[in-house]
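Peer 1: heads up, no residue letters with this:
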């Protein structure tokens with residue numbers, strides 16, 4: 001049983017503060033997932049680097065269903081997912097953490113194009129509809145906010161499929177609905193909900209999306225923000241774990257059998 005799980009993204013490939021670390025390759029019906037388990041501040045932690053430890057998997061090659069199902073099999077009580085993001089609002093400063101409050105993911109599709117759901121066969125036991133007012137755990141969000149010295153707390157995350165970045169017309173449309181964008185966290189949020197694992201999403205703006213600012217974000221600024229993101233994420237996550245209280249699942253699955 002894991003007290004908490006962490007899923008990390010670009011630039012965040014290891015969790016150096018974990019002790020008693022074990023690398024596990026967990027085989028699920030959706031494929032295998034590499035999970036590192038260990039301890040931090042007397043809490044049992046599971047860690048997945050969604051891109052692999054050398055950014056082996058671009059966004060369209062990540063096996064989200066295997067990753068989330070592996071965390072379920074390990075008995076993870078909650079998930080903190082992290083993502084570096086493009087910023088859609090020019091008034092929002094770069095290099096500032098954000099604890100997301102809502103989700104924009106209308107396609108609801110996995111990278112391969114199939115619909116995002118663990119219910120991928122007719123007649124599966126426990127099949128149903130995931131119903132929620134908000135996709136993120138309120139209790140876990142509050143723990144993240146309390147652990148952040150300064151963060152944005154009301155922001156909508158937009159998920160888009162990669163690996164290409166979006167065109168200026170696409171970004172103009174997304175700006176109507178969200179203030180941050182990336183290519184990985186949407187499926188994790190939905191699958192965690194279907195598996196009844198509380199989840200919260202912690203982000204960090206590394207550049208302005210295409211056409212948002214008059215001048216594109218310099219590549220060196222993007223690289224610097226990406227390098228700094230891991231230490232920011234780790235500091236917040238460690239503070240959460242220090243005072244961690246496992247949250248209850250707040251959504252609802254309307255089941256048919």
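Peer 2: In hand now; what should we look at? Predicted model only: the values in this text are computed from it and were never measured.
Peer 1: Bridged to residue 182, which residues?
Peer 2: Applying DSSP bridges to residue 182 yields these beta-bridge partners: residue 159.
Peer 1: Which pLDDT value goes with it?
Peer 2: Looking at residue 182, its pLDDT reads 98.
Peer 1: Please state the offset of the lengthiest helix in the chain from the chain centre?
Peer 2: If you go by DSSP state H, the chain has its longest helix at helix 219-242. Offset of helix 219-242 from its chain centre (C-alpha atoms, centre = their mean, to the nearest Å): 14 Å.
Peer 1: ok, now stretch 35-54?
Peer 2: 14 Å.
Peer 1: so where's the protein uncertain?
Peer 2: The chain contains no residues with pLDDT under 70.
Peer 1: Helices of that one, start to end?
Peer 2: 64-73, 138-147, 168-174, 185-194, 219-242.
Peer 1: Let me know which of the ones you listed is tucked in deepest.
Peer 2: Sort the helices of the chain by mean neighbour count, taking mean count of other C-beta atoms under 10 Å, and helix 185-194 sits at the top with a mean of 25. Bear in mind the C-beta positions are built from the backbone N, C-alpha and C, glycine included.
Peer 1: So which elements touch that helix?
Peer 2: helix 64-73, strand 79-87, strand 128-131, strand 156-159, strand 199-208 (3 or more C-beta pairs under 8 Å, 6 or more residues apart in numbering; DSSP states H and E).
Peer 1: run the last query once more with 10 Å
Peer 2: strand 4-8, helix 64-73, strand 79-87, strand 102-104, strand 128-131, strand 156-159, strand 199-208, strand 252-255 (3 or more C-beta pairs under 10 Å, 6 or more residues apart in numbering; DSSP states H and E).
Peer 1: any chance of those in a markdown table, with distance to residue 239 too?
Peer 2: Output for the helices and strands packed on helix 185-194, formatted as a markdown table (distance: least, C-beta to C-beta, whole Å):
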| stretch | distance to residue 239 |
| --- | --- |
| strand 4-8 | 13 |
| helix 64-73 | 22 |
| strand 79-87 | 11 |
| strand 102-104 | 24 |
| strand 128-131 | 30 |
| strand 156-159 | 22 |
| strand 199-208 | 12 |
| strand 252-255 | 30 |
